[in-house]
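Undergrad: Just the structure for this:
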Amino acid sequence: MPTATAAPARPATTAGFPKPSNLAINGGTPVSKAGVPFMQTALTESDINSAIAVLKGGMLRAAKKCEELEVRLGQMTGAKHMMTCANGTCALQLAYEPLFQAGDDVLVPAWSYIATASMIVARGANPIFVDALHDTFQIDVADAARKLTPNTTAITATHLYGCPVDIDAVQALAAKHSLKVIYDGAQSHLATYKGKGLGTFGDALTYSFYATKNLGTGEGGAISCNDDALAAQIKALRSHGETDKYLHTQVGYNYRMNDITGAIGCSKLDRLEADTNARRAAAARYDAILSKINGLSAPTTTPGAVSAYHLYVVKLDPTHFACTRDQFCEALKAEGVPTAVHYPRSLTRQPAFKKFTDAQGHPPIADSLSSMVFALPMHHALSDDHIRAVGEAMEKVAAAYRA
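TA: All right, here's what the predicted structure looks like:
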C-alpha cells in the first residue's frame, strides 16, 4: 500500500484571500526600503524669499502680488478676468452666487470632491447628481442630458484629477438648454482642451491653490471668467459687496487672498509649466507600465485634452485579483509605494446630501469607482528610481494576488 502523503498546506488567508509569502506585507523584502514620496510640497528658497519680501514690506493684505498672480495666471489659461480669493471653496461660492438662484436645479458630478456640490446647496440650489464615465472618470454628459428637469438652469463640471472634461459636449448641452456652465478646475492648472487654456470655456472656472495642488500656496483660490459684468459682481462679492470706498451695493463676504500667499503663487508660477511637463512625462511612463499588467487600467484622457495630472488614478478590476483594492494598496505600501483613494465614496453616499439622494438614488459608475480606484505617487520630482520602484511593486503585488 503506497505511503500516504500529506496534502500541501494552504496559504494563510485574511478575509478569505490568500497571503502570498513573497510580499513585504507578509515578511518578504520590499521593493523600495527608502519608499517613494507620494507628493512634493516643499517650498524652494525662491518661494520663501518671495514671502519674506512681502513680510518685510509690511503690505500683507491683497495687493501687488495678488494682482500679479491674477494677470499672469489669466494670460496662461486664456481668461480675460482672473480673481484671487481665500480658497477653492470660496471660489466656487463666488462663482455660483451670481449665476444660480435659490431653488434652481444644478447638474453636478456624483464623482468629485464635496465642495463642487456642497456650495450648490449653500446657495440654496438643488444638486442633481450625474454619473461618471468609467474610463476618464469625468462627468457623463449623456447622463446629464437624461437628468435635466424643468428647473435645471446650470451644469457644473469638474476637470477631475487634472483631466479636462468633454468640454464640447458640455457646451453643446448647455447651448441646447440655455444652461450656465461652471467648471471646477481645482485640480487642473495648465491643463488644455483642443489647444486652448481652460479659462477660454464656460461662464466661470474656479481654482484651488491648496498646499497639495499643482500650484499650491497653502491656501488660496481663484475664479476666472470672460464677462466684464460677471467679473465686477464677483469682485464685489469677494469684498463685502463693496464697489467704492465704504459703498456696499450688495451683501458680500471677506474672501480676499493675502499678498504673502500671492507672492508664493507668483514664485511657483515661474516653474509651473516645467513642473506640469514633468508630471506628464511621469504619467506616460506609468501608462507604459500599466499596459503590461492585466487588471490595472491607466486613466484615459478625454479626446482633445491634455491633462495636468494633479493625480494619477489607476482602476483595479476586482475580477482579476484575489484581493480587494484596499488590500492591494496595503501591499503596495509595504513595498514602499504609498497610494491614496480619491474618493472612498461617491457624493451621493455622503450623509450631507441624503435629503437629495433619497429621491435620486446612486449613479452606478460613480458608486463602483469608490472601491476600484487608487492614486499612485505623482509630482514633478519623481525620479527614474521612483518610477522603477512603483512599476516593480505593482507587478509584484499584481502577480502575487492574481486570481
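Undergrad: how about Thr206, phi and psi?
TA: When read as degrees, to the nearest 10, the backbone of Thr206 gives phi -120, psi 150.
Undergrad: how many neighbours does it have?
TA: Per other Cβ atoms under 10 Å, the neighbour tally for Thr206 reads 29. Quick note: C-beta positions are derived from backbone N, CA and C, even for glycine.
Undergrad: Quick check: bridge partners of it?
TA: Counting by DSSP bridges, Thr206 forms beta bridges with Asp184, Ile223.
Undergrad: Please determine how far it is located from Cys329.
TA: Going from Thr206 to Cys329 by Cβ to Cβ, to the nearest Å gives 30 Å.
Undergrad: for this protein, which strand is longest?
TA: strand 152-158 (DSSP state E).
Undergrad: After that strand, heading C-terminal, what element do we hit next?
TA: helix 167-177 (DSSP states H and E).
Undergrad: Give the pairing partners of the longest strand of the chain; include direction for each.
TA: Partners of strand 152-158 in the sheet, by DSSP bridges, are strand 105-109 (parallel), strand 180-184 (parallel).
Undergrad: Rebuild those as TSV, extending it with mean pLDDT.
TA: Listed next are the strands paired with strand 152-158 as TSV, based on pLDDT from 0 to 100:
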stretch	mean pLDDT
strand 105-109	98
strand 180-184	99
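Undergrad: check contacts around the residue nearest the centre of the chain.
TA: The structure's the chain has its C-alpha centroid closest to Tyr161; by Cα atoms, centre = their mean the separation is 3.6 Å. By Cβ atoms under 8 Å, 6 or more residues apart in numbering, the contact list for Tyr161 reads 137, 187, 299, 307, 309-313, 342, 375.
Undergrad: how about the nearest residue to it once chain neighbours are set aside, what does it touch?
TA: Leaving out its chain neighbours, the residue that sits closest to Tyr161 by Cβ to Cβ, 6 or more residues apart in numbering is Leu311, at 4.3 Å. If a contact means Cβ under 8 Å, 6+ apart, then Leu311 has 161-162, 187, 340, 342, 375, 378 as its contacts.
Undergrad: Quickly check those for the two that are furthest apart.
TA: Gly162 and Ala340 (14.4 Å; Cβ to Cβ).
Undergrad: These two - which one has more neighbours?
TA: The residue with more neighbours, out of Gly162 and Ala340, is Gly162; 30 against 18, by other Cβ under 10 Å.
Undergrad: Where does the prediction get shaky in the chain?
TA: Residue ranges of the chain with pLDDT under 70: 1-19, 21.
Undergrad: and the strands paired with strand 152-158, which is most packed in?
TA: strand 105-109 (a mean of 27; mean count of other Cβ atoms under 10 Å).
Undergrad: Just the residues contacting that one, thanks.
TA: 100, 116-117, 120, 125-130, 132, 138-139, 144, 147-149, 151-158, 160, 179, 347, 366.
Undergrad: Report the angle between that strand and helix 167-177.
TA: Here strand 105-109 runs at an angle of 170 degrees relative to helix 167-177 (axes from the mean of the first three to the mean of the last three Cα atoms, to 10 degrees).
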